[in-house]
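Engineer: What follows is a protein structure lacking sequence information:
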């Protein structure tokens with residue numbers, strides 16, 4: 001199944017994000033930090049949209065499974081998955097300001113996935129022996145993930 005590697009990796013990322021969202025709370029006195037985190041989430045979401053657009057335009061849904069000897073991810077599935085997450089991240093922006101756990105889950109997920117993308121795409125390019133879909137924008141989503149991570153860290157504390 002062509003989706004299995006992606007679902008496995010992203011499932012692990014989601015579990016880590018859920019643990020962070022549940023274990024790190026944002027007290028009332030961190031409203032300014034939550035506002036900064038929500039701005040960082042908006043920036044990271046925009047950068048992720050650019051990254052996803054590069055992946056779409058250059059055939060990530062075909063090339064990634066092919067590296068693993070799998071069939072391509074159906075384009076409608078690839079598009080639905082990515083557009084759904086972008087919608088979730090947009091919806092999570094005001095949730096961060098309100099200190100809602102789901103908003104923090106979505107933001108932690110993007111921070112972790114962004115850093116992972118920043119590392120994985122250059123490695124995939126090395127493995128493929130040249131350009132790999134998503135490579136050009138991967139440093140930017142990696143940096144956006146680190147920036148969001150830092151803002152989330154400042155907006156929360158261990159409970």
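Structural biologist: That came in fine, so what should we check first? Computed from a prediction, not measured in an experiment: that's the story for all the values here.

Engineer: Just the pLDDT for residue 4.
Structural biologist: pLDDT, residue 4: 76.

Engineer: try residue 91
Structural biologist: For residue 91, pLDDT reads 98.

Engineer: What residues does it make contact with?
Structural biologist: Contacts for residue 91 were tallied using Cβ atoms under 8 Å, 6 or more residues apart in numbering; they are residue 106. In this view, the C-beta of every residue, glycine as well, is placed from N, C-alpha and C.

Engineer: if I've got this straight, it is in a helix?
Structural biologist: Yes - going by DSSP: H, G, I helix; E, B strand; the rest coil, the assignment for residue 91 places it inside a helix.

Engineer: ok, now how distant is residue 135 from residue 66?
Structural biologist: 16 Å (Cβ to Cβ, to the nearest Å).

Engineer: again with residue 116
Structural biologist: 20 Å.

Engineer: cool, and residue 142?
Structural biologist: 23 Å.

Engineer: who's more crowded, those two?
Structural biologist: residue 142 (21 against 14; other Cβ atoms under 10 Å).

Engineer: Name the residues of the particular helix or strand that has residue 151 in it that are buried.
Structural biologist: Secondary structure assignment for residue 151, by DSSP states H and E: helix 138-155. Neighbour counts using 16 or more other Cβ atoms under 10 Å place 138, 140-142, 144-145, 147-149, 151-152, 154-155 of helix 138-155 among the buried residues.

Engineer: Regarding the most centrally placed residue in the chain, what is its secondary structure?
Structural biologist: With distances taken as Cα atoms, centre = their mean, residue 110 lies nearest the centre of the chain, 3.0 Å away. What three-state DSSP gives for residue 110 is helix.
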